[in-house]
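In: next come a sequence and a model predicted from it.
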Amino acid sequence: INGTSGEITIVTVLDKETQDSLEFTVIVKNDGDPELQTSIHFKIVIIDVGDNNPFFTSHPSELELYEDHISGVDTYIFEVTGDDMDVSDANNIYYYVVMDDRTLASAECGVVFCIGRTSGLVYHNRNLDRETQDSYVLTLTISNNNSIVSEKT
């Protein structure tokens with residue numbers, strides 16, 4: 001607190017995840033005779049800004065499927081989950097399939113695989129034929145409301 005102007009300055013970074021509010025009391029007094037004083041109590045509520053990167057909390061590193069496996073929106077093949085350390089709506093997690101050219105797939109689907117944008121449920125959108133292709137590499141990414149991204153292959 002500036003003793004002359006009364007300006008209150010925060011000298012450290014505020015982080016909602018470590019402290020959700022600050023409370024302090026300011027006492028003002030004069031140099032008179034008699035000395036007079038008053039005080040006021042402040043509470044500052046810290047608002048989360050979504051400053052944490054999302055991360056995967058579960059994902060398979062390898063999966064085996066039969067070539068005639070039927071999949072679709074209601075019959076997913078696996079689920080990934082993600083989170084971030086933000087405590088507000090800034091921690092909404094969104095899932096995407098990453099295409100071979102490193103762009104995010106539109107409409108939640110790549111050429112072969114799809115993922116529920118908010119559910120993390122992965123399914124294939126065409127029949128798998130081992131004689132045509134015997135393995136696939138699937139890269140998924142997650143982001144939060146602030147477009148901070150994390151990726152897993």
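Out: All right, it came through fine. If you're wondering where the values come from, they're calculated on a predicted model, not measured in any experiment.

In: and residue 29, what are its bridge partners?
Out: On the basis of DSSP bridges, residue 29 is bridged to residue 37.

In: what does the pLDDT read for it?
Out: Looking at residue 29, its pLDDT stands at 88.

In: I'd like the distance between it and residue 54.
Out: 50 Å (C-beta to C-beta, to the nearest Å). The C-beta positions use only the backbone N, C-alpha and C, and glycine is treated the same way.

In: between these two, which one's more packed in?
Out: residue 54 (25 against 10; other C-beta atoms under 10 Å).

In: list the contacts for residue 69?
Out: 77, 124, 128 (C-beta atoms under 8 Å, 6 or more residues apart in numbering).

In: quick check: the first one vs residue 95, distance?
Out: The reference is to residue 77. Residue 77 is 14 Å from residue 95, by C-beta to C-beta.

In: please tell me how far the nearest residue to residue 83 once chain neighbours are set aside sits from residue 126.
Out: Leaving aside its sequence neighbours, residue 83 sits nearest to residue 57 (C-beta to C-beta, 6 or more residues apart in numbering; 5.3 Å). As defined by C-beta to C-beta, residue 57 lies at a distance of 29 Å from residue 126.

In: tell me which element the residue nearest to residue 83 falls in.
Out: strand 55-58 (DSSP states H and E).

In: ok, and what's touching the following helix or strand past that strand?
Out: Proceeding N to C from strand 55-58, the next assigned helix or strand is strand 78-79, under DSSP H and E. Identification of contacts with strand 78-79 by C-beta under 8 Å, 6+ apart yields 58, 59, 60, 63, 119, 120, 121, 122.

In: now do the same contact list for the third one.
Out: For residue 60, the contacting residues are residue 78, taking C-beta under 8 Å, 6+ apart as the criterion.

In: and the fifth one, by the same measure?
Out: Residues near residue 119 by C-beta under 8 Å, 6+ apart: 79, 95.
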